[in-house]
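S.K.: below are the sequence and a predicted model for it; my questions follow.
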Amino acid sequence: MTATLPRQAVETVVLHRDRPLILDCGAQVRNVRVAYRTWGRLAPDGSNAVLVCHALTGDANANVWWEPVFGEGLAIDPARHFVVCANVIGGCAGSSTAAQLGGHPLTIHDMSRVQASLLDHLGVDRVAVVGGSMGGMVALSFLTRFPHRVRRAAVIGAPARQSAWATGWNIAARAAVAVDPERGLEVARMFAMLSYRSHQSLELTQSGESPTQPGERAVTTYLRYQGAKLRRRFTPESYVTLTTAMDAFDVPDDVLAATHVPTLVVGISSDELYPAAEVRQLAGKLGNAEYWELVSPHGHDAFLADADALEARLRAWLDA
């Protein structure tokens, strides 16, 4: 384990002051605020930039939420790479919220367009792009819409389109938020945590008595804790905005086939939200992809919970 990198301040830039951002819905918006962080130095030939895309409730602090793959000698290494990570628009960690952009519906593709605008601002022409879960969708969107800007990509635990199963979880979560935004956000997180883990994972980690509340099941206090924790750092509005964008995500087969950037597609053996077979199908449809499976009992969240196992494969891919 390497030493934790110093926590730096998140920077904020306002993009599209003069030239508007055209959203998928057709609306034109200006003054798009983006909260981001960078690490390392851009090589003179610009060949070492890595764009990291965060998951649903993530933020720009990739070195914190993905510590097992981020640091000296690891897959994402500021000593070798110029790393960029930004909070998506519609999020609630410093970038423009949907309301601040006029209340228009946002898509994953809108988010990837803003990532491209941020790279323009930073003077970065080409990147390796990496993301897991919703971040994998953003990475796939960036890859297919800006292939000339991507030298390599890694899409982890994400499909080419949101299935009815995954959409159903989000519909139930948003229904809870609609009834009571604050309490409903806690319930939405409970739903999400069940979809992020697997039967085996919960049996391994949460099957006994609660270590904090004698007489309670561990899974009870675990879900309560996760719900309360998210409510302290996230907003109901962002949860609804981002899950709605995920539910609309769909990259057509012809677009996938026409994309020939070398791409590592990572499935997770126990993922019940985006089953490995579904993710493997994505790899088969891309024009130049390699499939690799992370074997873990911990479900969809294994790309975070078992990131140590992912790190070596990701490092080899990015350094190829």
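M.R.: Yep, that arrived. These numbers were taken from a predicted model, which means no experiment stands behind them. Numbering: from 1, shown residues only.

S.K.: need the pLDDT of Ala320.
M.R.: Ala320 is assigned a predicted lDDT (pLDDT) of 87.

S.K.: in contact with it, which residues?
M.R.: 152, 262 (CB atoms under 8 Å, 6 or more residues apart in numbering). Yep, even glycine has a C-beta here, placed from its N, CA and C like the rest.

S.K.: next: Arg161.
M.R.: By CB under 8 Å, 6+ apart, the neighbours of Arg161 are 249-251.

S.K.: cool, Thr241 as well?
M.R.: Per CB under 8 Å, 6+ apart, neighbours of Thr241: 90, 97-98, 106.

S.K.: can you give me the strands for the stretch 201-320 of the chain?
M.R.: Remark: strands assigned in the stretch 201-320 of the chain by DSSP state E, counting those that start in this stretch are 263-268, 289-294.

S.K.: mean pLDDT and mean neighbour count added to those, as TSV?
M.R.: TSV is the format used below for the strands of the stretch 201-320 of the chain (pLDDT from 0 to 100; neighbours: other CB atoms under 10 Å):
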stretch	mean pLDDT	mean neighbour count
strand 263-268	98	25
strand 289-294	98	17
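
S.K.: which of the contacts of Arg161 sits closest to Arg149?
M.R.: Val251 (16.6 Å; CB to CB).

S.K.: who are the packing partners of the helix or strand harbouring Asp120?
M.R.: Taking DSSP states H and E as the definition, Asp120 sits inside helix 108-122. In terms of contacts (3 or more CB pairs under 8 Å, 6 or more residues apart in numbering; DSSP states H and E), helix 108-122 is packed against strand 11-15, strand 21-22, strand 32-39, strand 49-53, strand 82-86, helix 134-145, helix 236-247.

S.K.: so the first one versus strand 32-39, what angle?
M.R.: Interaxial angle of strand 11-15 relative to strand 32-39 (axes from the mean of the first three to the mean of the last three CA atoms, to 10 degrees): 140 degrees.

S.K.: okay, strand 11-15 in CSV with CA atoms only?
M.R.: Provided in CSV are the C-alpha atoms of strand 11-15 (Å, rounded to 0.1, in the frame of the first residue of the first chain):
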residue,chain,number,x,y,z
GLU,A,11,-10.6,23.7,-8.8
THR,A,12,-13.6,25.2,-10.6
VAL,A,13,-13.8,26.6,-14.1
VAL,A,14,-16.7,28.1,-16.0
LEU,A,15,-16.9,26.8,-19.5
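
S.K.: with adjacent residues omitted, what lies nearest to the residue of the chain positioned farthest from its centre?
M.R.: Largest separation from the mean C-alpha position in the chain: Gly215, at 36.5 Å (CA atoms, centre = their mean). Distances taken as CB to CB, 6 or more residues apart in numbering place Glu209 nearest to Gly215, at 7.4 Å, with adjacent residues excluded.

S.K.: kindly state the beta-bridge partners for the one you found.
M.R.: On the basis of DSSP bridges, Glu209 is bridged to Arg217.

S.K.: for the nearest residue to Thr220 once chain neighbours are set aside, what are its contacts?
M.R.: In space, and not counting its chain neighbours, Thr220 is closest to Ser210: 6.5 Å by CB to CB, 6+ apart. By CB under 8 Å, 6+ apart, Ser210 lies in contact with 216-218, 220-222.
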